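Asker: Following is a predicted model, sequence given first.
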Amino acid sequence: MAIHQMLFASLLICLLFQISHGATKERLFSDLEKGALEVTAKPSRGGVLDAGIDKLSITWKLSSTATKEAEFTTIKVKLCYAPVSQVDRPWRKTENELFKDKSCPHKIITRPYDKSPQSFEYTLERDIPTGTYFVRAYAVDAKDHEVAFGQSTDEAKSTNLFSVQAISGRHKSLDIASVCFSVFSVLALLVFFVNEKRKAKLEQSK
């Protein structure tokens, strides 16, 4: 009897999970209201940005064309890969089904929705991979479902992009220590040879 009850409970849990997961699967990017938020992302300097060091000044506000504002409860801002950094990288692939989409994996900030213009200064995380990016903001409803979005680039994701260089994994202090150790090793070897020659000369003089 206990085994049957456990099996029934397991089946019930699986069924509930599939139902809830199925509801999530229905969320499509193409169904979201595009351009509902006006988003900008201004790098702290020109050229390639360094992960863990450089910053983005991000702003977002409600667009005058937005029609679903009444549903907005939260704004989720994310760092997204540009198409050029998705080529031959299926783990960064864009999918219409939001639960499958891998193009915006880096969370920047989540804030309650406010109609007034918002801003945030974001320091690029140390684990951001090398690539070309843009910023996207999702408007989320009370059920935590995305209903609209805006992004710092155009629809083709070809303008206002910025590049990031990942941390190489080596730290400057380690490089300095390595150089110092190498210099010390050379000096120690030089002192050893000088002492050996001196000893040889002393033995010959005897």
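Answerer: On my side now, so go ahead. Numbers count the residues shown, from 1 in each chain.

Asker: which stretches of the protein form strands?
Answerer: Assigned by DSSP state E, the chain shows strands spanning 33-34, 37-43, 49-50, 55-62, 74-81, 106-112, 118-123, 131-140, 146-151, 162-165.

Asker: mind listing what's buried in stretch 74-82?
Answerer: Along stretch 74-82, these residues count as buried under the neighbour rule (16 or more other C-beta atoms under 10 Å): 75-82. In short, each C-beta sits where N, CA and C put it, glycine included.

Asker: which one among those gets closest to residue 118?
Answerer: When the buried residues of stretch 74-82 are compared for distance to residue 118 (C-beta to C-beta), residue 75 wins out at 7.2 Å.

Asker: The closest one touches residue 139, doesn't it?
Answerer: Yes: between residue 75 and residue 139 there is a contact under C-beta atoms under 8 Å: 6.0 Å.

Asker: Flag the shaky bits of the protein, pLDDT-wise.
Answerer: Filtered on pLDDT under 70, the chain yields the residue ranges 1-25, 169-186, 191-194, 199-206.

Asker: Find the centremost residue of it, please.
Answerer: Nearest to the mean C-alpha position of the chain, by C-alpha atoms, centre = their mean, lies residue 106 at 3.2 Å.

Asker: Once you drop chain neighbours, what's closest to that residue?
Answerer: residue 79 (3.8 Å; C-beta to C-beta, 6 or more residues apart in numbering).

Asker: who does the one you found bridge with?
Answerer: residue 106, residue 135 (DSSP bridges).

Asker: residues in contact with it?
Answerer: Shown in contact with residue 79 (C-beta atoms under 8 Å, 6 or more residues apart in numbering): 104, 106-108, 128, 133, 135.

Asker: Mind putting those into TSV with distance to residue 52?
Answerer: Output for those, formatted as TSV (distance: C-beta to C-beta, whole Å):
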residue	distance to residue 52
104	20
106	13
107	16
108	15
128	8
133	15
135	18
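
Asker: what sits in contact with each of residue 75 and residue 139?
Answerer: In contact with both residue 75 and residue 139: 37, 113, using C-beta under 8 Å, 6+ apart.

Asker: Count the residues that sit near residue 70.
Answerer: 8 (other C-beta atoms under 10 Å).

Asker: Relative to residue 147, how far out is it?
Answerer: Between residue 70 and residue 147 the distance, using C-beta to C-beta, to the nearest Å, works out to 10 Å.

Asker: swap in residue 48?
Answerer: 35 Å.

Asker: Show me which of those two is the more surrounded one.
Answerer: When neighbours are counted by other C-beta under 10 Å, residue 48 and residue 147 differ, and residue 147 comes out ahead with 20 against 13.

Asker: Quick check: that one touching residue 139?
Answerer: Yes: applying C-beta under 8 Å as the test, residue 147 and residue 139 come out as touching, 5.7 Å apart.

Asker: Overlap in contacts, the two.
Answerer: Taking C-beta under 8 Å, 6+ apart as the contact rule, residue 147 and residue 139 both touch 33, 68, 71-72.

Asker: For the buried ones among the residues you listed, write the corresponding PyMOL selection.
Answerer: Of these, the buried ones can be selected in PyMOL as follows, counting by 16+ other C-beta under 10 Å:
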select buried, resi 33+71+72
